[in-house]
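# Build the 3D model from these lines:
(chains A, B, C and D)
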There are 2 protein chains.
Amino acid sequence: MSKLTIKTLAKQLGLSIATVSKALKDSHEISAETKKKVMALANELNYVPNPYASSLRKQKSKTIAVILPEVADNFFSLAINGIQAVAATKHYHVLIYLSHESFEIEKNTVNHCLSGRVDGVLISVSSETSDAAHIEKLKNENIPFVFFDREFENFAAPKVITNDYECGYAAAKLLLKKGCKHPVFLSTSKDLSICSKRSAGFTAALTEEGFLKNQYEFVIDCTGTHEQIFDQIQDLLKNNPQIDGIVASVERLAMQIYMVSVANNISIPKDLKVVAFSTLETAPILNPSLTTITQPAFEIGKTAAEVLFTMIEKKKHNITADTVMVLPSALIERNSTLA
Amino acid sequence: MSKLTIKTLAKQLGLSIATVSKALKDSHEISAETKKKVMALANELNYVPNPYASSLRKQKSKTIAVILPEVADNFFSLAINGIQAVAATKHYHVLIYLSHESFEIEKNTVNHCLSGRVDGVLISVSSETSDAAHIEKLKNENIPFVFFDREFENFAAPKVITNDYECGYAAAKLLLKKGCKHPVFLSTSKDLSICSKRSAGFTAALTEEGFLKNQYEFVIDCTGTHEQIFDQIQDLLKNNPQIDGIVASVERLAMQIYMVSVANNISIPKDLKVVAFSTLETAPILNPSLTTITQPAFEIGKTAAEVLFTMIEKKKHNITADTVMVLPSALIERNSTLA
DNA sequence: CTGAAAGCGCTAACAA
DNA sequence: TTGTTAGCGCTTTCAG
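Next up, the predicted model:
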């Protein structure tokens, strides 16, 4: 079958290409009758316009890019859901790019977004990202973009995030209230905005409650593969039996904490209380059920997309370079922090 | 800043557009010296070619579409991971479309793939899909596509799936071995290939063990929102206290079975044994740990993408219209089926 | 080795 | 109301 283009339609109808084009867009300068005929044939032949020809001509792609570290992750997949929900209503297409926490990959991907392939970018930065030059380029080229969740601090750009500092603070307070004498915060990257804010809140709560800055290491770094994380947590708990409370800065860490506790007969919450930043659906049916700080993942994605589209559509009413929207997370107490 | 095109480069270098184009592709008909100069300027100005101009001209997009019911789901997000992994090595772009289990949406999405926007399609059909006319169109237009996981039975096309029948059979056998007298299979859609095969295997095992066809309803349908599923399962168990074993055809159902058991003081595995088709990472740390039939989600995605690319690259060596690749799932026994 | 020219399919002035 | 024309930015013959 030869390609079905606007030309084919025009020829079959004895009309000009321009007329058909206008008719297809329901232009007011075309007679109702002609429109009807054009539409009828288009439907019959199942004509679908070539999007790239149109993109080239109009210099817009009806496509956005989502750049994020990982998709096999509850938070991010829910966020994608939110993004898709609004993209679908706008009839936009969504390209997904995974950085796998690699700065190099993220940089290249962002660079590709300079080509006109997309009308806008939603980005949640990798844990390795500590330099914003690549993002700066987007700004210089006037390509609308919005940070979601993992942002770049000290960089003026629209952002949709959650109240990380407060939640870190609340997590610490909860552990103390439940009787912890030696709580620690498990971070996953110093460069990550979410980790640094969460740990800052945690530390603030501790010092407020009389813990001394150099009493012990409040914040502990923990990265790598699942196995490496497992080993690090196991070593940590073996070498520091005084640790009686942990805040997991991300879901991944919480899972390994549970794994370690099973493997080492550490009883949660008796020996160790756990609270995790997590959107795990299974939190209520874990053994024991897990106290979480649950981020509004879907809403973060949805809101970020909405902000992006207002930028794309140039209705920048109230969106400025430093618009930051903060959607609150919810602390949900369950059995992993029972006193 | 005005758009940076090949024309800009040509002008600045005093070369023709054609020469620059060829130099950028490292064509052999261009002198090494010229290439060097062109590359240098391109790098300096951070030139990124307009992909749509190129797509239009070459009639290929370096883009594939992935159409699936849902992304906030362990299986599918892992599959996407696998797909992305191979797309990235091929320097292909990945458009994600969610059908949210709606046939209507799926049909429209597939239809859009006829426009030349993508060079190929990976699809896992919605639970409502029982008509393949939309897929037929892809075939007629010669657009390469591959089914993954949820296929369309009786439709000759490349497919990458898992051994659903065998696993349904194995699940039933396990429940019987563990002493169940009245096991049931929770399906989620009659139209879904995976459900019908899994339940067929389940039923086969039961009849083989002497259960009679009309002894009771072996397979029970269960669909809707989380809340609706919860209610259905709760009613089912209340009205049929003889049920002592359940196979959850999909992860979603397993979660609600646990929720119901918590809410109604049903003890797993004492009162009820559970095995679930699931890729849940948290299966080992649930209360109790969950016996799963774990699909090779990442590999299914990866393999499907590989098959698709061999088709796109026309190296159809061993890929034919009825190539079916079956990747085996693993039955992992845990405490939810303890005798 | 380099360049001129045609054209991918569509849109949008501008004419008729 | 319809048609003519000139591109969007790139690739690819074909000439030079």
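# the strands in the stretch 201-339 of chain A, which residues?
Using DSSP state E, counting those that start in this stretch, the strands found in the stretch 201-339 of chain A span residues A:219-221, A:245-248, A:273-277, A:291-294, A:324-327, A:330-332.
# for DNA strand C, what are the nearby residues on the stretch 51-200 of chain A?
A:Ala53, A:Ser54, A:Leu56, A:Arg57, A:Lys58 (C-beta under 7 Å from any atom of the strand). For glycine as for every other residue, the C-beta is placed from the backbone atoms N, C-alpha and C.
# pretty sure A:Ala170 is in a helix, no?
Yes: counting by DSSP: H, G, I helix; E, B strand; the rest coil, A:Ala170 is part of a helix.
# Out of the strands of the stretch 201-339 of chain A, which gets nearest to B:Lys197?
strand A:291-294 (35.8 Å; C-beta to C-beta).
# Does chain B have contacts with that closest one?
No: shown here: strand A:291-294 not in contact with chain B (C-beta under 8 Å from any C-beta of the partner chain), separated by at least 12.4 Å.
# so can I have a markdown table of the strands of the stretch 201-339 of chain A showing mean neighbour count and mean pLDDT?
What follows is these, written out as a markdown table (neighbours: other C-beta atoms under 10 Å in any protein chain shown; pLDDT from 0 to 100):
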| stretch | mean neighbour count | mean pLDDT |
| --- | --- | --- |
| strand A:219-221 | 18 | 95 |
| strand A:245-248 | 28 | 98 |
| strand A:273-277 | 26 | 98 |
| strand A:291-294 | 25 | 98 |
| strand A:324-327 | 15 | 97 |
| strand A:330-332 | 14 | 98 |
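# now for those strands, which one comes closest to DNA strand D?
Between DNA strand D and the strands of the stretch 201-339 of chain A, the tightest spacing by C-beta to the nearest atom of the strand is seen for strand A:324-327, at 33.5 Å.
# Send me that closest one as CSV with only the CA atoms.
Below are the C-alpha coordinates for strand A:324-327, written out as CSV (Å, rounded to 0.1, in the frame of the first residue of the first chain):
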residue,chain,number,x,y,z
VAL,A,324,7.8,26.5,43.5
MET,A,325,4.8,24.4,44.3
VAL,A,326,4.9,22.3,47.4
LEU,A,327,2.5,19.4,47.8
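# which of the residues of the stretch 51-200 of chain A next to DNA strand C count as buried?
Among those, those classed as buried by 16 or more other C-beta atoms under 10 Å in any protein chain shown are A:Ala53, A:Ser54, A:Leu56.
# What are the neighbouring residues in contact with the nearest residue to A:Gly82 once chain neighbours are set aside?
In this structure, A:Gly82 finds its nearest non-sequential neighbour in A:Gly301, 2.9 Å apart by C-beta to C-beta, 6 or more residues apart in numbering or on different chains. By C-beta atoms under 8 Å, 6 or more residues apart in numbering or on different chains, A:Gly301 lies in contact with A:Leu78, A:Ala79, A:Ile80, A:Asn81, A:Gly82, A:Ile83, A:Ala85, A:Leu122, A:Phe148.
# Kindly recompute the last result at 6 Å.
A:Ala79, A:Gly82, A:Ile83 (C-beta atoms under 6 Å, 6 or more residues apart in numbering or on different chains).
# Check A:Asn43 too.
Per C-beta under 6 Å, 6+ apart, neighbours of A:Asn43: none.
# quick one: it and A:Lys37, what's the gap?
11 Å (C-beta to C-beta, to the nearest Å).
# got it, and A:Ile67?
44 Å.
# Who has more neighbours out of those two?
A:Ile67 (22 against 17; other C-beta atoms under 10 Å in any protein chain shown).
# name the element that one belongs to?
Per DSSP states H and E, A:Ile67 falls inside strand A:63-68.
# What mean pLDDT does the helix or strand immediately after that strand in the chain get?
Once the chain leaves strand A:63-68, the next helix or strand it forms, by DSSP H and E, is helix A:74-89. Helix A:74-89 shows a mean pLDDT of 97.
# Perfect, that will be all.
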